[in-house]
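**Q** Could you work out the structure for the sequence below:
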Amino acid sequence: MPHDPRKKPLYRKVNTRARGVHHNTGGDYRHERNSKAEKTSEASRGSMHGKQRRGLDYTSLFRFLLSKVGQDWNTVHSEAVSRLDTEEPIFWMVARSEADKRTSVRIGESTIYSGLYVDENGKLAKVAPELRNEDLTPDCPCCTHTFNGVPLVRKYEPPG
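**A** Here you go, the predicted structure:
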């Protein structure tokens, strides 16, 4: 589902050829090829290209969703879908059901966003509106952890 070319997309392409940028590639197929199970399998005739899409950054989508808290979900959803390549990243942040609700959602190693859901009135809402930047602590001393795009206030505290 390509985005509407008249609207600015809610994602950007990341330079995947830059030095030091790793996207979890490699190695999986090489351990299976030329094995007896591989030669008798129908899967051996399939493509070597995986289904995982790499090199896309959805930070602008997450900021967009946070800016729309309190607004009509159907309107927000249709606007977001019209500006995305696929609908899936919306639901990384927005819970589809009661069981999917999370107070916060971790995207990558060090980026945390408020969890969202659609309330009984059809409005986009935060699962835990009381959750603040000051409440969160980084998991490690080496990364810059952020909450809703703002660096965490508290410093890393070693366990124990």
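**Q** The chain: helices as residue ranges?
**A** Per DSSP state H, the chain carries helices over the ranges 36-40, 59-67, 73-82, 90-93.
**Q** So which other helices or strands are in contact with the second one?
**A** To tie it back to what came earlier, the one meant is helix 59-67. Helix 59-67 is packed against helix 73-82, helix 90-93, strand 111-114, with contacts defined by 3 or more CB pairs under 8 Å, 6 or more residues apart in numbering; DSSP states H and E. To be clear about C-beta, it is placed using only N, CA and C from the backbone, and glycine gets the same treatment.
**Q** still on that earlier bit, and residue 140, which of the helices of the chain is closest to it?
**A** helix 59-67 (20.6 Å; CB to CB).
**Q** I'd like the average pLDDT over the closest one.
**A** Mean pLDDT, helix 59-67: 96.
**Q** List the contacts of it.
**A** 9-12, 76, 80, 84, 89-90, 93-94, 107, 111, 113-114, 116, 124, 148-149 (CB atoms under 8 Å, 6 or more residues apart in numbering).
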